[in-house]
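Novice: need a structure here:
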Amino acid sequence: MPEVTLRSLTLAEENHVRVIFIHSNRPGVLRQVNSILGDHNVDKQMSDSRGDVAYLMADISDVNAGDIRSLYESLEALSCELI
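Specialist: Residues are numbered from 1 along each chain as shown. Okay, here's the model as predicted:
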């Protein structure tokens, strides 16, 4: 996996979540993922790839438990997800 360094999320940052999505490195995946994240406040986002594997990391603020569940289910449903 490619290396990445992100700042730590703190307890003072209530209602924040870090999304990490590992996927097949193919055209259109980031568009699909950003479509899912688009209704949320993305504070920071990074992506990288190595060969056939890629990842996206995003820090999202102002989310509740229902938002997190919805994000998880939507990302899990993408056909590009690596398990």
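Novice: For the residue sitting nearest the centre point of the chain, give the beta-bridge partners.
Specialist: Nearest to the mean C-alpha position of the chain, by Cα atoms, centre = their mean, lies residue 19 at 3.7 Å. As for beta bridges, residue 19 partners with residue 58 under DSSP bridges.
Novice: Can you verify residue 56 is assigned to a strand?
Specialist: Yes. Judged by DSSP: H, G, I helix; E, B strand; the rest coil, residue 56 forms part of a strand.
Novice: That one: what's it in contact with?
Specialist: The contact partners of residue 56, taken as Cβ atoms under 8 Å, 6 or more residues apart in numbering, are 19-21, 23, 30, 33, 45-47. Placement of C-beta: from N, CA and C, glycine included.
Novice: Distance of residue 63 relative to residue 47?
Specialist: Distance, residue 63 to residue 47, by Cβ to Cβ, to the nearest Å: 20 Å.
Novice: now residue 4
Specialist: Taking Cβ to Cβ, one finds residue 4 at 9 Å from residue 47.
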